[in-house]
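Participant: sharing a model that was predicted from the sequence below.
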Amino acid sequence: MSKETTLPAPVDQPVNVEKQASAEATPTPVGVRTGKDEALKALRELQENAGQITEFEIEEKNLVNEFFSSLLKILETFGKNLELSVSSLPENYAGRTSKAYLYPVAQLVLVNRDSEVEIVDLAKKENRELLVEIIGEIMLKMKTAVEAYKAKTEERVNFLMPVTEELQKVAKVFSEE
């Protein structure tokens, strides 16, 4: 059985409602916040955090763009992409991936065990956590690529130096005549 509540009929004239003191109500001590104060404080903090999140996201986007721009400049020298270790990928990728390649245009190319190819755009906001997780592997592979390139260049220089010196001696003999 439900109790029905009857509301008073609307009044055309303003009603004077005086607040009466209640024995149950106690004054709020100085320095103690009320629910209203707490709500306003929380709202101000929410606004501040929202502003900071926006600033961080803009900065993050700029840093990711600069990261891949720099990576592109470096890897163009070698004319190649980086093959990443599958074990460096998070578990949800590593379990189904047989090969992983990083293209300097912010693409992670994953070759699945069934030979299907998946391309993940690491510049996109939803993939930035993945970028952060594999950045150590990226730096390691880039270091290895730079060291290999340096070694090959050094080997060519070490070969060309004595050959060029001897050739200069021969040229000098011909120019003295």
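Facilitator: Cool, got the structure.
Participant: quick check: mean pLDDT of the helix or strand hosting Lys143?
Facilitator: Using DSSP states H and E, the element containing Lys143 is helix 128-176. Helix 128-176 carries an average pLDDT of 94.
Participant: what does stretch 78-89 give?
Facilitator: The average pLDDT for stretch 78-89 rounds to 89.
Participant: that one: which residues count as buried?
Facilitator: By neighbour count with 16 or more other CB atoms under 10 Å, stretch 78-89 contains the buried residues Asn81, Leu82, Leu84, Val86, Ser88, Leu89. (Each C-beta comes from the backbone N, C-alpha and C, glycine too.)
Participant: again, but for stretch 57-66
Facilitator: Buried-residue list, stretch 57-66, by 16+ other CB under 10 Å: Val64.
Participant: then stretch 112-123?
Facilitator: So, applying 16+ other CB under 10 Å, buried residues of stretch 112-123: Val120, Leu122.
Participant: need the residue closest to the centroid of this protein.
Facilitator: Central residue of the chain (CA atoms, centre = their mean): Arg128, 3.4 Å from the mean position.
Participant: contact partners for it?
Facilitator: Residues near Arg128 by CB atoms under 8 Å, 6 or more residues apart in numbering: Glu60, Val64, Leu122.
Participant: in helices only, show me those.
Facilitator: Residues from these lying in helices, with DSSP state H as the criterion: Glu60, Val64.
Participant: can you put the contacts of Arg128 in TSV and add pLDDT?
Facilitator: Shown next, in TSV, are the contacts of Arg128 (pLDDT from 0 to 100):
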residue	pLDDT
Glu60	95
Val64	95
Leu122	96
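Participant: and of the contacts of Arg128, the nearest to Ser98?
Facilitator: Ranked by distance to Ser98 (CB to CB), these are led by Leu122 at 19.4 Å.
Participant: dump the residue contacts of that closest one.
Facilitator: Val64, Phe68, Leu102, Ala106, Gln107, Leu108, Arg128, Leu130, Leu131.
Participant: got CSV for these, with distance to Ser115 too?
Facilitator: As requested, these are exported to CSV (distance: CB to CB, whole Å):
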residue, distance to Ser115
Val64, 30
Phe68, 27
Leu102, 19
Ala106, 24
Gln107, 18
Leu108, 17
Arg128, 28
Leu130, 22
Leu131, 25
